[in-house]
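[1] structural data only, the sequence is not supplied:
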């Protein structure tokens, strides 16, 4: 089979090597920041040595759900704005998101449905000791976020975002209903990419930003943040690459980093959890990658990270169980449409599992390891287990692939189509008439050792005995219902996915980036998943702080 293009180790575009970190991410890096990485040999790029190709008051890296609000508020404040984005189109992860925006505090839509809310109640809900997902947040950031909830909702509406006109729903962090869902932008998949409601957030914001005079430069990759001195002075602008050429863009007022998180950068994400090796794919890919560019470059000029415990708190959607099996990207809330312009890269839509009673999950060694019905972090931790490996081949970290095993009867019960475009035959879905043959066919870039046919046969036989007994004696799956005994047999990729980036650069309530001493790095701001401190999932965090960043970077008093 073909090598995997996303995480192939020799030329992984998302991997940060020691050499690359020093060479490309640290122009203007302070020696104290990179002790031991040869930082003393790195020279600064002072203003006198930079030839600026373009200039704007505010320069924004990232045209997603934080960068676009930042651009609009900066333009509303009278600043000239240039936005760059590495992708060929705007929107980032938000484009293919569910468009869910739980903003409260007394929005117009809440009032329409008789919901009484306040900023104080929003703050209390997101700092409650009863909410473990919010346990490690910076409460100053939560406070300003809560205060800006209602204003941000009205800002979205004023800039063209339309919401489904139905009563709001509760979210895990809410004692009152706050969640409204955006309307899909159009029926044109060239515009919406996958027909997701998230398009109804970013496309209107893009239209508004352009109409107000923000310039958006696509296919421009951020490669450098220019600061006056290696670890002091103002941030003066950025360098981006486009078509293999460098372009220097001066920021007369500020640079705003809104490049997204670091979830697709394998080496960088392993800073927080060494288990998250290359076999764990990312929701939102292949449409948008979160390579940690903004974070890494900011660290290179002295910035600090903040509230990093949010990245590993075992709550929420930092990691998720696969819902669509037999494909590379099986995130529960994103199923790739075969008509999408990105479908060729996505590879398959996946088989949506109605009930995990219809599958048995095994590890790379063909052994069952946990209750398939569980979707908590206990299940995810079991997936990341060593599974008996002694770690002799440099693969002690990570857990390896997880495969869903099922038979022809399960296919009928679920109503699955076991052919493309629903499944990816290029290493993520296999079939055979015997279990032993099935194990022998499994070949995948992350399947580092062949699956023993005997082990798989024994696992299925044992599971079938639990069905006869009406009790799972190994892992407590509630009343196992179905045997796997009717050929053909199937193995479908069912490995967990990485989702949220919930840690990032240290910012204050004005979205100014801070260094390790808690001092402001003048002229540098961050928002969205690039910024740390508040480990909240999704669009409400990134839109609010994007709006704050654009306003504050323009020097407007709140």
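    Thanks, I have the structure now. Model, not experiment: these values are computed from the prediction.
[2] which residues sit against stretch 161-171?
    Outside of stretch 161-171, the residues within contact range by Cβ atoms under 8 Å, 6 or more residues apart in numbering are 101-102, 109-110, 113, 115, 157, 176-183, 197, 200-201, 204-205. Glycine gets a C-beta too; all of them are placed from N, C-alpha and C.
[3] got a PyMOL select line for the buried ones in the residues you listed?
    What follows is the PyMOL syntax for the buried subset of these, where burial is set by 16 or more other Cβ atoms under 10 Å:
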select buried, resi 101+102+109+110+115+157+176+177+178+179+180+181+182+183+197+200+201+204+205
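[4] so which of the contacts of stretch 161-171 are in strands?
    Counting by DSSP state E, the members of the contacts of stretch 161-171 that fall within strands are 101-102, 179-181.
[5] residue 489: which of those residues is nearest?
    Taking Cβ to Cβ as the measure, residue 489 sits nearest to residue 181 out of the ones in strands among the contacts of stretch 161-171, at 39.5 Å.
[6] contacting residues around the closest one?
    Taking Cβ under 8 Å, 6+ apart as the criterion, residue 181 is in contact with 98-101, 163-164, 166, 197.
[7] name only those of those residues that count as buried.
    Of the members of the contacts of residue 181, the ones counted as buried by neighbours, 16+ other Cβ under 10 Å, are 98-101, 163, 197.
[8] looking at those, spot the one nearest residue 544.
    Distance from residue 544 was checked for each of those by Cβ to Cβ. The minimum falls on residue 101, at 9.9 Å.
[9] and that closest one, what's its pLDDT?
    Taken from the predicted model, the pLDDT recorded for residue 101 is 96.
[10] beta partners for it?
    Following DSSP bridges, residue 101 is listed with bridge partners residue 180.
[11] the residue nearest to residue 405 when sequence neighbours are not counted: neighbour count?
    Taking Cβ to Cβ, 6 or more residues apart in numbering, and ignoring the residues beside it in sequence, residue 405 has residue 360 as its nearest neighbour in space, at 4.7 Å. Counted by other Cβ atoms under 10 Å, the residues lying close to residue 360 total 26.
[12] which two among the contacts of residue 181 are spaced furthest apart?
    Taking every pair in the contacts of residue 181 and measuring Cβ to Cβ, the maximum separation is 14.3 Å, between 98 and 166.
[13] could you list the low-pLDDT ranges of this structure?
    Low-confidence segments of the chain, defined by pLDDT under 70, are located at 1-48, 389-394, 556-558.
[14] what about the longest helix in it?
    Among the elements of the chain assigned as helix by DSSP state H, the one spanning the most residues is helix 139-158.
[15] ok, longest strand in this protein?
    Residue-count comparison of every strand in the chain, with assignments taken from DSSP E, identifies strand 245-257 as the longest.
[16] and that strand, what does it pack against?
    For strand 245-257, the packing partners by 3 or more Cβ pairs under 8 Å, 6 or more residues apart in numbering; DSSP states H and E come out as strand 54-61, helix 67-76, strand 221-229, strand 232-242, helix 293-300, strand 520-526, helix 539-553.
[17] stretch 235-248: how far from the chain's middle?
    Here the centre of stretch 235-248 is set off from its chain's centre by 25 Å, with Cα atoms, centre = their mean, to the nearest Å.
[18] over to stretch 265-281?
    Remark: stretch 265-281 is offset 13 Å from the chain centroid, using Cα atoms, centre = their mean.
[19] what's the span of it, first residue to last?
    Distances were taken as Cα to Cα, to the nearest Å; on that basis the terminal residues of stretch 265-281 are 10 Å apart.
[20] stretch 127-146 too?
    The first residue of stretch 127-146 is 11 Å away from its last residue (Cα to Cα).
[21] same check on stretch 160-179?
    Using Cα to Cα, the end-to-end distance of stretch 160-179 comes out at 18 Å.
[22] one more: stretch 249-268?
    With Cα to Cα as the measure, the first residue of stretch 249-268 is 27 Å from its last.
[23] for it, which positions count as buried?
    Neighbour-count burial for stretch 249-268, with 16+ other Cβ under 10 Å as criterion, is recorded at 249-251, 253-268.
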